[in-house]
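# sequence plus predicted model, see below.
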Amino acid sequence: MVNRFILNEVSYFGPGAREVLPKEIARLGLHKAFVATDKDLIKFGVADKVLTVLRDADIPYEVFSEIKPNPTVGNVNAGVKAFAASGADFIIAIGGGSSMDTAKAVGIITNNPEFSDVVSLEGVADTKRKSVPIIALPTTAGTAAEVTINYVITDEANEKKMVCVDPNDIPVVAIVDAELMYTLPKSLTASTGLDALTHAIEGLITKGAWEMSDMFEIKAIEMISRYLETAVNEPSNAEARNGMAVAQYIAGMAFSNVGLGLVHGMAHPLGAIFDVPHGVANALLLPIVMEFNAPMVLDKYVDIAKAMNVYRPGMSKEEAAKAAVDTVKALAVRVGIPQHLSELGIKPEDLERLTTAAFADVCTPGNPREVNKELILELYKKAL
């Protein structure tokens, strides 16, 4: 079997890493930046931490901030038009998954205009040319979109999240600067952190996992277990913030190359239809789906228990699996994640519709335990 591993050309880590921007822009021979970010990051001064670096280096830029959580086809179309009008030759994406996903779609369509309808990018699109160069600076420790070959766009007309997989979309440079995350609200720190944990656990147990991906995912689980709660409760703790920033990137390195599973398959419709934040949906569903998958991946659950420091000598595999599931759920409770879909406005009559969408989701086939609509419906009922 041949396994493929795709990563950024170069990545930088550590508080203040954004200062390398001028050097990297010059190295790549780029001139004007199209800055994709959102209005909140501008309002709260986070984007300006990056824009100041550009201004100090006399690098021209234009800001595009028409980006919303769960970005839509409409967001992408607006971005493509704005990029064309800007005269920019590269994109700087500042934000969480929404900004980076929008940037990827804009960059791909700009250089592959035959996909300008956006919806044709769903799945594995056969694009011929690399994206417009993207330099990605995450402001959340969760999605790892700065290192993945994936992006997710909501098809609002069909109330569907499109998972797009394309090696041509990966940012050429990732700059993981924890200082951009210091002002992240407690609730967002929690949900994005558990999104990263979901990536790590699903990436560890997915059908495509192998030795190299396992190595990264186990380390990511260990680091998230160590740093997440501190990052939530002590927002200015530099060690915890940087630990989470690196951990989510490590998780992304692996899952991007091996796939995910049913947690994401079930979470995507919650975001597309009901606009539930992606991290919250993943965090709520993770222990429920973990428990469902346990019989198929007991050895991997022993690894999870060890990484989360809850494995005890003499434990059976089943006991270790239960400890792992219980620990994930307890962590979600401690950091304030809702525990029932009903708390998010989901009603019993919504579950059939969610089930149909989850069964068709591109992530679902990666699950280690085979599913059908009946099983998915039962899991949604358990989560309700």
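In hand now; what should we look at? Numbering: from 1, shown residues only.
# what about the helices in the protein?
Secondary structure of the chain (DSSP state H): helices located at 21-27, 39-43, 46-56, 73-86, 97-111, 186-205, 211-233, 238-258, 262-274, 278-293, 298-307, 317-334, 351-360, 373-383.
# so what touches the second one?
Identification of contacts with helix 39-43 by Cβ atoms under 8 Å, 6 or more residues apart in numbering yields A47, D48, V63, S65, I94, G95, S99, T139. No exception for glycine: its C-beta is placed from N, CA and C like everyone else's.
# got the buried residues for it?
By neighbour count with 16 or more other Cβ atoms under 10 Å, helix 39-43 contains the buried residues L41, I42.
# now do the first one
By neighbour count, and taking 16+ other Cβ under 10 Å as the criterion, the buried residues in helix 21-27 are L21, E24, I25.
# got a markdown table for these, with distance to M244 and pLDDT too?
A markdown table is the format used below for the buried residues of helix 21-27 (distance: Cβ to Cβ, whole Å; pLDDT from 0 to 100):
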| residue | distance to M244 | pLDDT |
| --- | --- | --- |
| L21 | 22 | 98 |
| E24 | 24 | 98 |
| I25 | 27 | 98 |
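# returning to what we had before: got the helices of the chain as JSON lines, with distance to V119 columns?
Converted to JSON lines, the helices of the chain look like this (distance: least, Cβ to Cβ, whole Å):
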{"stretch": "helix 21-27", "distance to V119": "33"}
{"stretch": "helix 39-43", "distance to V119": "26"}
{"stretch": "helix 46-56", "distance to V119": "29"}
{"stretch": "helix 73-86", "distance to V119": "7"}
{"stretch": "helix 97-111", "distance to V119": "11"}
{"stretch": "helix 186-205", "distance to V119": "25"}
{"stretch": "helix 211-233", "distance to V119": "30"}
{"stretch": "helix 238-258", "distance to V119": "22"}
{"stretch": "helix 262-274", "distance to V119": "13"}
{"stretch": "helix 278-293", "distance to V119": "20"}
{"stretch": "helix 298-307", "distance to V119": "35"}
{"stretch": "helix 317-334", "distance to V119": "34"}
{"stretch": "helix 351-360", "distance to V119": "15"}
{"stretch": "helix 373-383", "distance to V119": "24"}
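# which one, of the ones you listed, ends up nearest to N150?
Closest to N150 of those, according to Cβ to Cβ: helix 238-258, at 6.1 Å.
# between that closest one and helix 211-233, how big is the angle?
150 degrees (axes from the mean of the first three to the mean of the last three Cα atoms, to 10 degrees).
# now do helix 238-258 against helix 262-274, angle only.
100 degrees.
# list the buried residues for helix 238-258?
Here helix 238-258 shows 240-258 as buried, counting by 16+ other Cβ under 10 Å.
# how far off centre is it?
Centre-to-centre, helix 238-258 and its host chain are 10 Å apart (Cα atoms, centre = their mean, to the nearest Å).
# likewise for stretch 368-380?
With Cα atoms, centre = their mean, you get 23 Å for stretch 368-380.
# what about that stretch, average pLDDT?
Here stretch 368-380 scores 98 as its mean pLDDT.
# what comes up buried for that stretch?
P368, R369, V371, I376, L377, L379, Y380.
# tabulate the buried residues of helix 21-27 in TSV, adding columns for distance to F90.
Formatted as TSV, the buried residues of helix 21-27 follow (distance: Cβ to Cβ, whole Å):
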residue	distance to F90
L21	11
E24	10
I25	8
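# which among those residues gets closest to L194?
For those, the nearest to L194 is L21 (29.9 Å; Cβ to Cβ).
# just list the residues touching the residue lying farthest from the centre of the chain, thanks.
Note on the chain: the largest C-alpha distance from the chain mean falls to G314, namely 35.8 Å (Cα atoms, centre = their mean). Contact analysis of G314 by Cβ under 8 Å, 6+ apart lists nothing.
# now K381
Contacts of K381 by Cβ under 8 Å, 6+ apart are P348, L351.
# same check on V310?
A323, A324, D326, T327.
# reformat those residues as CSV; add neighbour count and distance to L184.
What follows is these, written out as CSV (neighbours: other Cβ atoms under 10 Å; distance: Cβ to Cβ, whole Å):
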residue, neighbour count, distance to L184
A323, 20, 30
A324, 27, 27
D326, 15, 27
T327, 17, 24
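# closest to A178 among those residues?
For the contacts of V310, the nearest to A178 is T327 (25.0 Å; Cβ to Cβ).
# how close does the closest one get to A321?
From T327 over to A321 the distance is 11 Å, taken as Cβ to Cβ, to the nearest Å.
# do the same with R129
45 Å.
# now K306
Computed as Cβ to Cβ, the K306 to A321 distance reads 12 Å.
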